[in-house]
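here are the coordinates; sequence isn't available:
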């Protein structure tokens, strides 16, 4: 049961990232293709802009001190909640044959 829970957490996080990118891909211009003045994208070249956007803007992958707390990223919390909601609705409905 613990393994199932850990696998579901892992895959729901990936689904959350996919939902986030789905919503962000509807913006024009794409946030990971231009330097729009955001601190997380300053100095990005075209080759590493997408990876830099993911690491610094989406996951906020920053060096941390030993006892420093990490603030939740609101858009990622929302997309993760949607992923868990989709999973719940699929399991609640069940499989019909």
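Received, thanks. This one's a predicted model, so the numbers in the text were calculated from it and none came from an experiment.

Okay, now the unreliable bits of the protein?
Regions of the chain meeting the criterion pLDDT under 70 cover residues 34-47, 62-68, 97.

where exactly do the helices run in it?
2-24, 49-52, 74-93 (DSSP state H).

Buried residues, stretch 23-33. List them.
Using 16 or more other Cβ atoms under 10 Å as the test for burial, stretch 23-33 gives 24, 31, 32. Quick note: C-beta positions are derived from backbone N, CA and C, even for glycine.

Surely the last one touches residue 50?
Yes. With contact defined as Cβ atoms under 8 Å, residue 32 counts as touching residue 50 (4.6 Å).

so how far is residue 9 from residue 2?
Per Cβ to Cβ, to the nearest Å, residue 2 is found 11 Å from residue 9.

I meant to write residue 26 there.
Residue 26 is 27 Å from residue 9, by Cβ to Cβ.

Next: residue 75.
Distance from residue 75 to residue 9, by Cβ to Cβ: 19 Å.

same deal with residue 69?
20 Å.

what do you get for residue 53?
Look at residue 53 and residue 9: by Cβ to Cβ, they are 24 Å apart.

Mind checking which of those two has more residues around it?
residue 53 (21 against 11; other Cβ atoms under 10 Å).

can you pull the contacts of the nearest residue to residue 15 once chain neighbours are set aside?
Closest residue in space to residue 15, ignoring its immediate chain neighbours: residue 83 at 4.1 Å, by Cβ to Cβ, 6 or more residues apart in numbering. Under the criterion of Cβ atoms under 8 Å, 6 or more residues apart in numbering, the contact list for residue 83 reads 12, 13, 15, 16, 19.

same thing but 6 Å
12, 15, 16 (Cβ atoms under 6 Å, 6 or more residues apart in numbering).

what separates the residue nearest to the spatial centre of the chain from residue 51, distance-wise?
Of all residues in the chain, the one closest to the mean position by Cα atoms, centre = their mean is residue 17, 3.2 Å from it. The gap separating residue 17 from residue 51 is 13 Å, by Cβ to Cβ.
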